[in-house]
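Asks: how would this look folded up:
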Amino acid sequence: MRKPTIKDIPKSLNLSPSTGIFKNSKSKIIGAIAFDISNPFFLDFLKGVEDVLFPREYKILLSNVDENIDKEKTYLSWMIGHGVEGILASPVRERNGKSNLRLYQNFYKMGIPIVFYDRMFYSQGQFDHVIVDNQDAIIQALMHLKETGHEKIGIFLSKKGIFTIEERLKGFLKGCKLLNIPVKNEWICEDIYPHEKAIEVLNCLKRKNTLPTAIIATNNNLTKYIVYAAKKNNIKIPEELSLVGFDDSLENELIDPPLTTIKQPILEEGKIAATSLLSRIEDRYARPMNVTLKSQLIKRKSVKNLNL
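Replies: Below is the predicted model:
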């Protein structure tokens with residue numbers, strides 16, 4: 001069976017050519033694009049979305065794209081074919097900059113409501129979006145590390161090109177400049193994807209005897225693999241390596257030592273994204289809602305105070 005493409009969309013939808021809006025479209029279905037369903041981020045996000053949609057009798061059509069723009073394109077086409085009333089999307093971007101931006105723009109012109117969450121496209125103000133201030137999140141972590149005496153700080157970054165990761169790198173460079181923290185290229189570990197590569201990267205730093213005193217991880221899965229690699233290499237946290245993770249969960253309190261993490265307001269992000277999409281469905285011509293939320297640094301015991 002041939003996979004549907006964007007060329008199939010006009011055949012599978014009953015659209016008004018003059019308005020680009022669905023005729024008699026009340027499916028009560030919302031499409032949700034997840035970039036990687038294995039990331040615990042989506043548990044809280046979808047809970048927030050469901051809290052808003054369920055009382056209004058909306059159903060969620062969830063698609064996991066695994067950071068793959070071809071899968072994203074296929075699932076988006078399927079969603080439109082199933083008559084979704086709107087789409088919540090965290091758009092994928094390849095290392096070379098390739099994305100499905102044009103597809104999203106076409107949907108927008110067709111009158112299909114889209115709200116971006118967690119990620120967005122630069123210079124595309126026509127779309128609603130709900131994101132976190134990623135630069136500020138990393139700067140908060142840097143300030144805590146600086147206050148505890150750390151000057152040798154590294155950062156582990158996921159797949160290159162992703163909006164959140166690029167923003168977190170910008171925050172790292174900006175924060176280091178503001179706080180007079182020296183930057184070393186060998187401690188800016190980019191494009192760690194799949195996330196298992198974090199094990200190899202940490203092993204390499206250990207072998208070369210170039211470990212920084214602290215590392216900031218930029219997502220939940222990277223944090224887990226850094227903890228795993230540290231244990232395998234007998235690197236004691238925080239005695240030999242301090243660690244700040246990204247995204248918080250109960251397990252961060254249960255591991256030894258409890259993990260200092262950057263906590264995103266994920267549940268709230270889901271609620272706001274869903275509310276924004278419902279508003280867009282009711283009024284396609286309303287001004288775009290652009291929301292940027294602040295994160296919180298949860299201080300535990302995975303950061304050693306070098307000043308003591």
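
Asks: from here on, just use CA atoms for contacts and neighbour counts.
Replies: Will do.

Asks: from residue 251, how far off is the residue nearest the centre of the chain?
Replies: Among the residues of the chain, residue 118 comes closest to the average C-alpha position under CA atoms, centre = their mean, at 4.8 Å. Note on residue 118: its distance to residue 251, by CA to CA, to the nearest Å, is 22 Å.

Asks: now do the phi/psi pair for residue 214.
Replies: Dihedral angles of residue 214 (phi, psi; degrees, to the nearest 10) stand at phi -150, psi 150.

Asks: residue contacts, the closest residue to it other than its chain neighbours?
Replies: Distances taken as CA to CA, 6 or more residues apart in numbering place residue 242 nearest to residue 214, at 4.3 Å, with adjacent residues excluded. Residue 242 sits next to 213, 214, 215, 302, 303, 304 when contact means CA atoms under 8 Å, 6 or more residues apart in numbering.

Asks: could you rerun that using 10 Å?
Replies: 145, 150, 153, 212-216, 236, 259-260, 301-305 (CA atoms under 10 Å, 6 or more residues apart in numbering).

Asks: what is the burial count for the closest residue to residue 290 other than its chain neighbours?
Replies: Excluding the flanking residues, the one nearest residue 290 by CA to CA, 6+ apart is residue 129, at 5.0 Å. Neighbours of residue 129 under the rule other CA atoms under 10 Å: 28.

Asks: residue 129 against residue 114, yeah?
Replies: Yes - counting by CA atoms under 10 Å, residue 114 is a contact partner of residue 129 at 8.7 Å.

Asks: overlap in contacts, those two.
Replies: Joint contacts of residue 129 and residue 114 (CA under 10 Å, 6+ apart) are 88, 89, 273, 276, 277.

Asks: show the contacting residues for the nearest residue to the last one once chain neighbours are set aside.
Replies: Right, residue 277. The shortest distance from residue 277 to any non-neighbouring residue, by CA to CA, 6+ apart, is to residue 115 (5.9 Å). Applying CA under 10 Å, 6+ apart to residue 115 gives the contacts 32, 86-90, 127-130, 273-278, 280, 288-290.

Asks: residue 115 should be in a helix, yeah?
Replies: No - counting by DSSP: H, G, I helix; E, B strand; the rest coil, residue 115 falls outside a helix, being strand.

Asks: and it, bridged to which residues?
Replies: residue 88, residue 128 (DSSP bridges).

Asks: got any ranges where the chain has weak pLDDT?
Replies: Flagging of the chain using pLDDT under 70 yields the residue ranges 1-25.

Asks: so it: which segments form each domain?
Replies: 6-132+265-295, 134-263 (automatic domain parsing).

Asks: relative to the whole chain's centre, how far out is the first one?
Replies: Computed by CA atoms, centre = their mean, to the nearest Å, the separation of domain 6-132+265-295 from the middle of its chain amounts to 14 Å.

Asks: repeat that for stretch 169-182.
Replies: Here the centre of stretch 169-182 is set off from its chain's centre by 21 Å, with CA atoms, centre = their mean.

Asks: in it, what counts as buried?
Replies: Across stretch 169-182, burial judged by 16 or more other CA atoms under 10 Å covers 169, 170, 171, 172, 173, 174, 175, 176, 181.

Asks: how about stretch 225-233?
Replies: Within stretch 225-233, the residues scored as buried using 16+ other CA under 10 Å are 225, 226, 227, 228, 229, 230.
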